[in-house]
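Asker: the sequence and its predicted three-dimensional model are supplied below.
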Amino acid sequence: MTQSPLMKPVKFLALCLAVIGLLELFLNARAGFSNQLPNFFAPADEGQIYSLKPGKVQYRHRGRLITVTVDDNGNRVTPDQTNGTAPRQRVALIGDSQIFGWGLDDSETIAAKLQGLLGGGYDVVNLGLPGTGPWRYSALAAQERPDTILITAYTEVNDGQDSYTQDSYASVNCSTLVVPGGPADGLPCWLMETALFSFIVDIKNTVAPYYLAPPLNCNPLTKSAGAIIRARIDNLGLHSGNHPKGITITIPWDARVDQSRLANYRPLLNRVTCNWDFPSDIDLASAMASAENQTALFQTDDQHLSPAGADLVAMLLAERILG
């Protein structure tokens, strides 16, 4: 009996699908069959920026299973808030992914740690949104009541770049942040949500890592732009700076705290030299640089605060608030 010419390609295709299926099963098992996408974002409405999607998401971030819970107001939940009826002092934290707590569990964010330190007489609200910058901070600060303790947190590593425009450099696809026009922007969700896709992205990042640029205020190639952006940040910070109970902090560039991290940035610098500093009422850079756990205050191969870093920032804020 003569075999159909189509049988060989059909068998080959079936074999490929079987191998892909087994690899997907293996990768899922290795990850504990957990979600591997930070898919807690909602697309932007017309004329608006994207937001956080209410609900609870568990996903694996760099091998660590974390929980991200977003309340009905679109803010990340601060655990252990007292639900009593007694009046409580509102504490609003405004910022980007550092305040949001990127890569941190609900219980590990600055807001969560600060809530625990301040106690039940305070209501700490996490208004952090990844991918945003000083334009949004200014708009939110203008909306807060005069009796709110308003904490505005700049992120030194990227808030200079994020001050160029009110638009975000990110968009949402499949409930996760992507680069507009990038490879993941138009992918179907069934593909983005596979363990194989995450595995391929990890391999790509290992083989061809993406390097951030040094902050505008510390980059020798951006002195002119940095001077202009400094004036813009000062203007945008007026709402925060003039708030009756305002506190401004700056999460320092991780290479300021641990200069071995300069290897993660391009152009490659021999040492940290900054032309100017972001506004700050608390010298976090000095506090972190002198900490015993100095090299553990940021996540490995990532510029975001680690749980230990969030602990330190929350402790210094609590000392400032409680006097």
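Answerer: Alright, I've got the coordinates. Numbering: from 1, shown residues only.
Asker: number of nearby residues for Lys8?
Answerer: Other residues near Lys8 number 10, with proximity taken as other C-beta atoms under 10 Å. C-betas here are computed from N, CA, C, even on glycine.
Asker: do Ala231 as well
Answerer: A total of 10 residues lie near Ala231 under the criterion other C-beta under 10 Å.
Asker: what about Arg271, which SS state?
Answerer: Remark: Arg271 carries the secondary structure label coil [criterion: DSSP: H, G, I helix; E, B strand; the rest coil].
Asker: quick one: contacts for it?
Answerer: Contacts for Arg271 were tallied using C-beta atoms under 8 Å, 6 or more residues apart in numbering; they are 259, 262.
Asker: give me the residues contacting stretch 26-39.
Answerer: When contacts are defined by C-beta under 8 Å, 6+ apart, stretch 26-39 is touched by residues 57-61, 65, 68, 174-177, 192-193, 195-196, 198-199.
Asker: got phi/psi on Ile247?
Answerer: Geometry field for Ile247 lists phi and psi as phi -130, psi 130, criterion degrees, to the nearest 10.
Asker: give the closest residue to it in space, chain neighbours not counted.
Answerer: Computed as C-beta to C-beta, 6 or more residues apart in numbering, the closest residue to Ile247 that is not its neighbour in sequence is Ile151, at 4.9 Å.
Asker: what's the one you found sitting at in phi/psi?
Answerer: With angles defined as degrees, to the nearest 10, Ile151 shows backbone torsions of phi -110, psi 120.
Asker: that one is in contact with Arg90, isn't it?
Answerer: No: with contact defined as C-beta atoms under 8 Å, Ile151 does not count as touching Arg90 (11.0 Å).
Asker: and those two? Which one has more around it.
Answerer: Here Ile151 and Arg90 are compared on neighbour count by other C-beta under 10 Å; more neighbours surround Ile151, at 31 against 16.
Asker: rewinding a little: tell me the contacts of the residue nearest to Ile247?
Answerer: Ile151 sits next to 91-94, 246-249, 317 when contact means C-beta under 8 Å, 6+ apart.
Asker: that one and Tyr265: what is the separation?
Answerer: Separation of Ile151 from Tyr265 (C-beta to C-beta, to the nearest Å): 27 Å.
Asker: next: Arg232.
Answerer: Relative to Tyr265, and taking C-beta to C-beta, Arg232 is found at 23 Å.
Asker: neighbour-wise, which of the two wins?
Answerer: With other C-beta under 10 Å as the criterion, Arg232 and Tyr265 differ in neighbour count, and Tyr265 comes out ahead with 20 against 14.
Asker: give me the phi and psi for the more buried one.
Answerer: The main-chain torsion angles of Tyr265 are listed as degrees, to the nearest 10 and equal phi -130, psi 150.
Asker: just list whatever residues bridge to it.
Answerer: Note on Tyr265: beta-bridge partners Leu212, judged by DSSP bridges.
Asker: now it: how far from Ile282?
Answerer: With distances defined as C-beta to C-beta, the gap from Tyr265 to Ile282 amounts to 25 Å.
Asker: any idea how far the residue nearest the centre of the chain is from Asp71?
Answerer: Using C-alpha atoms, centre = their mean, the residue of the chain that lies closest to the mean C-alpha position is Ser97, 2.5 Å off. Separation of Ser97 from Asp71 (C-beta to C-beta) stands at 18 Å.
Asker: what of Gly160?
Answerer: In this structure, Gly160 lies at 31 Å from Asp71, with C-beta to C-beta as the measure.
Asker: more neighbours, the two?
Answerer: Counted by other C-beta under 10 Å, Gly160 and Asp71 do not tie: Gly160 has more neighbours, with 29 against 15.
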